[in-house]
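**Student:** Structural data only, the sequence is not supplied:
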């Protein structure tokens, strides 16, 4: 039986063959999971598995931590990133970097489970944080990105290290990035390590 659509793309009522005053338009792009940000995130995000299995026959052998997210899960992750961003942005007024790192890790998380794919999950979350914050018309420099990623990883009980590095070429430059198991999950660049938190 063919699927019946009650409303066309422009809000036209297909039941009566014409437009109806006050007809409800189709779902907004964000609610329908068709917003461009979701296409950019497709396949880049991984969620922690609800069970300890590393593969599932239903998904063709793809580990649960690396499966593609549903539109609803993508929307939830984007909201989580934006919430973390707002929280960390408010805290940036304090000059204490160690306090900022503590605040980023001060979240509720479940027990830590050993996951052989944890580093891949951390890298994918790093890419997603970069993409989401990269489209915002606000401050998305390396420190705020790093703090947001530390917060997102901490919520998933994935350990991380916030690193501050410096470089002196023609002028002094500083950079912040996040590492997991000694490997960067946000771009590090050729900076000398100054501090690890």
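**Tutor:** Cool, the structure landed. Please read all numbers here as calculations on a predicted model, not as lab measurements.
**Student:** Enumerate every residue touching residue 144.
**Tutor:** Residues near residue 144 by C-beta atoms under 8 Å, 6 or more residues apart in numbering: 85, 88, 89, 92, 133. Using the backbone N, CA and C atoms, a C-beta is placed for each residue, glycine as well.
**Student:** what about the first one, neighbour count?
**Tutor:** By the other C-beta atoms under 10 Å criterion, the neighbourhood of residue 85 contains 22 residues.
**Student:** mind listing what it touches?
**Tutor:** Counting by C-beta under 8 Å, 6+ apart, residue 85 touches 133, 136, 144, 148.
**Student:** Identify the farthest-apart pair in those.
**Tutor:** Across these, the longest distance by C-beta to C-beta is 10.9 Å; it joins 136 and 148.
**Student:** For these two, indicate the residue with more neighbours.
**Tutor:** Comparing residue 136 with residue 148 by other C-beta under 10 Å, the one with more neighbours is residue 148, at 29 against 12.
**Student:** Which pLDDT value goes with the more buried one?
**Tutor:** pLDDT for residue 148: 95.
**Student:** What is the three-state secondary structure of it?
**Tutor:** helix (DSSP: H, G, I helix; E, B strand; the rest coil).
**Student:** Determine the next helix or strand in the C-terminal direction from the helix ranked longest in the chain.
**Tutor:** Looking across the chain with DSSP state H, the single longest helix is helix 71-91. Later in the chain than helix 71-91, the nearest helix or strand by DSSP states H and E is helix 97-105.
**Student:** Other residues contacting that following helix?
**Tutor:** With contacts defined as C-beta under 8 Å, 6+ apart, helix 97-105 is touched by 87-88, 91-92, 94, 143, 147-148, 150-151, 154, 162, 164, 195, 197.
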